[in-house]
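Visitor: what's the 3D shape of this:
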Amino acid sequence: MTTIRLTMAQALLRYLDQQYISVDGVETKFVKGVIGIFGHGNVTGIGEALERSSGSLTYMQGKNEQGMVHTAAAYAKQKNRRQIYACTTSIGPGALNMITAAATATVNRIPVLLLPGDNFATREPDPVLQQLEVSSDYTVSATDPFKAVSKYWDRIVRPEQLMIAVTQAMRILTDPAETGAVTLALPQDVQAEAYDYPESFFARKVHYLDRRPPVHAAIERAVEQLARGRRPLLIAGGGVLYSEASTQLAAFAEAFGIPVAETQAGKSALPWDHPLNVGAIGVTGSLAANRLAREADVVIGVGTRFSDFTTASRSAFQHPEVAFININLNGMDAAKLGGEAILADAREGLHALQTALQERKYQSGYSSSEIADLRVEWNREVDRLYELQHEAGLAQTTAVGVINRTIDPSSVIVCAAGSLPGDLHRLWRAAAPKTYHMEYGFSCMGYEVSGAFGAALAEPNREVYAMVGDGSYLMLHSELVTSLQEQKKFTILLFNNNGFQCIHNLQREHGSDGFGNEFRYRESETGQLSGDYMPMDFAAHARSLGAKAYQVETAEQLEQALRDARNETITTLIEILVVPGTNAGGYESWWNVGVPEVSTEEKVISAHHAMQASRAKARPI
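Guide: Predicted coordinates:
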């Protein structure tokens with residue numbers, strides 16, 4: 001057996017450089033490169049390997065560990081999970097900074113490979129700088145918390161263990177049903193230890209993502225269920241986009257006259273003006289979709305995990321005999337809401353179900369005008385919100401409308417948290433698949449700027465826009481600097497509404513007078529954060545980092561700034577001053593949040609009773 005003597009870190013990179021993924025006969029190099037921040041836990045191990053033995057892997061310097069993992073996740077999401085970046089850090093705080101982003105990737109079923117440094121396996125320098133010392137279990141280190149947020153976790157304490165560990169890591173990373181964050185903890189001494197690895201370990205490896213067909217019996221059970229329904233509703237989740245099933249989705253809906261609602265992850269699966277697209281579903285849903293959901297007798301969920309926002313905390317579906325058919329690769333998701341499970345690739349599942357229904361000559365029972373009338377009513381509401389005039393300044397919904405009609409329809413918008421996801425889910429008119437990039441599984445504040453950078457890396461021929469509130473921007477914007485370093489431009493659309501206004505709205509809707517959510521000075525007389533708004537200049541801040549920047553406060557200024565930004569060659573920020581609280585509200589939907597049963601404020605007690613009354617309408621499973 002021919003062997004090659006390499007350090008564990010060198011062997012890891014050589015192995016990753018030879019991994020490929022094949023979908024529908026198209027092969028793609030799976031690992032594009034490594035994003036990292038060096039410290040004493042990785043600089044002389046994997047850092048040396050990246051410097052001298054990286055092969056064709058590219059190295060990119062991150063600025064914040066959480067931000068660089070968000071970048072990697074957004075890149076993989078935009079690539080339909082067919083290409084990834086790995087992320088390397090030092091031990092201790094460097095490693096722990098990745099945990100939030102690891103959870104974000106896992107919740108959203110996005111593959112990311114995390115390579116945090118770890119304590120010395122030999123324990124010779126004890127305790128090493130940044131080491132946790134857990135007196136009850138000395139094997140615990142700062143990488144153990146990754147177990148809770150990883151789909152696969154391993155610690156490589158001998159160099160030969162690498163071979164088994166990376167095989168299992170690749171199994172998860174390339175499994176569309178089970179993918180998420182994969183963590184390989186790398187003790188800093190083991191990274192530098194050499195081993196005689198078999199040459200065969202570094203052979204080119206192709207991982208085949210064969211489309212999983214549905215079992216015939218499952219299709220027959222679903223057909224029997226659906227055949228009894230006259231008012232079906234199809235809910236398109238992120239699995240439709242990952243499966244590249246948009247064409248099949250449209251064909252299925254058109255064949256039987258079934259309206260299609262979209263989750264946050266599934267939005268853009270159908271163009272907004274398709275006659276059967278009734279828009280967003282659930283808490284942030286459209287009037288059309290939510291009314292149809294309430295009366296639906298069969299719900300066909302395709303590639304969705306049925307989050308509480310999608311189901312309006314299980315209250316969206318009010319038909320007494322409503323049944324669910326769930327097409328999903330993930331068994332856990334397919335079993336939700338007591339649905340009839342079709343374990344299959346979205347495209348294959350839709351095709352098989354369509355064929356079987358056509359043999360039955362099935363048609364939905366909607367009238368020729370019912371769906372069209374609902375769409376007309378909803379589009380009038382969107383137009384109204386897009387043209388809304390507010391006496392105090394620019395309304396948020398108006399700003400969204402200006403952006404939607406001004407940027408190129410092929411552009412990618414990226415968002416994650418605050419009030420913007422609600423407005424974008426309801427109002428944004430997406431013209432093509434993969435133009436709407438929303439991280440709403442974790443709704444992680446701080447994803448937006450890093451995520452837009454990742455999307456820009458994945459889509460070099462498209463304009464990419466980060467839609468972000470001032471609160472999220474303050475939490476994390478470090479990868480703006482990395483985008484300048486890498487000369488990879490995107491545009492940040494920063495909605496400045498002086499605080500965490502989404503939660504401020506939620507707070508006031510449930511009996512509060514407003515507390516601790518706006519960016520105001522503390523008043524000396526009351527001791528409360530109720531003084532004037534803090535005058536932060538985000539455009540000036542972006543310029544100080546080297547970006548281009550504009551500040552606007554009218555619709556006309558925003559439109560011009562968007563046109564100017566498109567001509568810029570480096571990352572650009574447009575600060576948009578909007579009136580707080582001018583986002584869209586709910587449309588016949590409900591969200592279950594805990595409201596105190598006991599309070600000194602009568603408004604809170606009333607809100608509690610209203611919440612209890614709504615809870616009674618929710619499905620028990």
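Visitor: Quickly list the domain ranges of the chain.
Guide: Using automatic domain parsing, the domains assigned to the chain come out as 3-208, 216-374, 388-498+534-577.
Visitor: need the ones you listed in JSON lines with distance to residue 591, mean pLDDT and mean neighbour count, can you?
Guide: To be clear about C-beta, it is placed using only N, CA and C from the backbone, and glycine gets the same treatment. Below are these laid out as JSON lines (distance: least, C-beta to C-beta, whole Å; pLDDT from 0 to 100; neighbours: other C-beta atoms under 10 Å):
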{"stretch": "domain 3-208", "distance to residue 591": "18", "mean pLDDT": "97", "mean neighbour count": "20"}
{"stretch": "domain 216-374", "distance to residue 591": "5", "mean pLDDT": "97", "mean neighbour count": "21"}
{"stretch": "domain 388-498+534-577", "distance to residue 591": "10", "mean pLDDT": "97", "mean neighbour count": "21"}
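Visitor: who wins for proximity to residue 604 among the ones you listed?
Guide: domain 216-374 (19.5 Å; C-beta to C-beta).
Visitor: Residue 540 sits in which helix or strand?
Guide: In the assignment (DSSP states H and E), residue 540 maps to helix 538-545.
Visitor: isn't residue 356 right next to residue 221, touching?
Guide: No. Between residue 356 and residue 221 there is no contact under C-beta atoms under 8 Å: 10.4 Å.
Visitor: who's in contact with the spatially most central residue of the chain?
Guide: What sits nearest the mean C-alpha location of the chain, by C-alpha atoms, centre = their mean, is residue 439, with 2.3 Å. When contacts are counted by C-beta atoms under 8 Å, 6 or more residues apart in numbering, residue 439 touches 73-74, 77, 104, 108, 414-416, 447, 451.
Visitor: Next step: those residues restricted to strands.
Guide: 414-415 (DSSP state E).
Visitor: Can you tell me which of the contacts of residue 439 lies closest to residue 564?
Guide: Lowest distance from residue 564 to the contacts of residue 439 (C-beta to C-beta) belongs to residue 414, with 20.4 Å.
Visitor: In CSV: the domains of the chain, plus distance to residue 609.
Guide: What follows is the domains of the chain, written out as CSV (distance: least, C-beta to C-beta, whole Å):
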stretch, distance to residue 609
domain 3-208, 32
domain 216-374, 16
domain 388-498+534-577, 25
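Visitor: looking at those, which is closest to residue 511?
Guide: That would be domain 216-374 among the domains of the chain, by C-beta to C-beta, at 18.5 Å.
Visitor: For that closest one, measure first residue to last.
Guide: The first residue of domain 216-374 is 35 Å away from its last residue (C-alpha to C-alpha, to the nearest Å).
Visitor: Quick one: residues contacting the closest residue to residue 55 other than its chain neighbours.
Guide: Of all residues not flanking residue 55 in the chain, residue 17 sits nearest, at 3.9 Å (C-beta to C-beta, 6 or more residues apart in numbering). Listed by C-beta under 8 Å, 6+ apart, the contact partners of residue 17 are 31, 54-57.
Visitor: and the angle from the helix or strand following the helix holding residue 540 to helix 538-545?
Guide: Of the helices and strands lying after helix 538-545 in sequence (DSSP H and E), the nearest is strand 548-552. Put simply, strand 548-552 runs at 170 degrees to helix 538-545, going by axes from the mean of the first three to the mean of the last three C-alpha atoms, to 10 degrees.
Visitor: Tell me the strands beside strand 548-552, with direction?
Guide: strand 572-577 (parallel) (DSSP bridges).
Visitor: Dump the strand it pairs with to PDB, keeping only the CA atoms.
Guide: Provided in PDB are the C-alpha atoms of strand 572-577 (Å, rounded to 0.1, in the frame of the first residue of the first chain):
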ATOM      1  CA  THR A 572     -22.300  50.300  -1.000                       C
ATOM      2  CA  LEU A 573     -24.600  51.200   1.800                       C
ATOM      3  CA  ILE A 574     -27.800  53.200   1.500                       C
ATOM      4  CA  GLU A 575     -29.200  54.400   4.800                       C
ATOM      5  CA  ILE A 576     -33.000  54.700   4.500                       C
ATOM      6  CA  LEU A 577     -34.600  56.900   7.100                       C
END
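Visitor: Residues contacting that strand, please?
Guide: Contacts to strand 572-577, defined as C-beta under 8 Å, 6+ apart, come from residues 393-394, 399, 480, 489, 491-496, 537-539, 542, 547-553, 558, 561-562, 565.
Visitor: let's see 6 Å
Guide: Strand 572-577 is contacted by residues 399, 491-496, 538-539, 542, 547-553, 561, 565 when judged by C-beta atoms under 6 Å, 6 or more residues apart in numbering.
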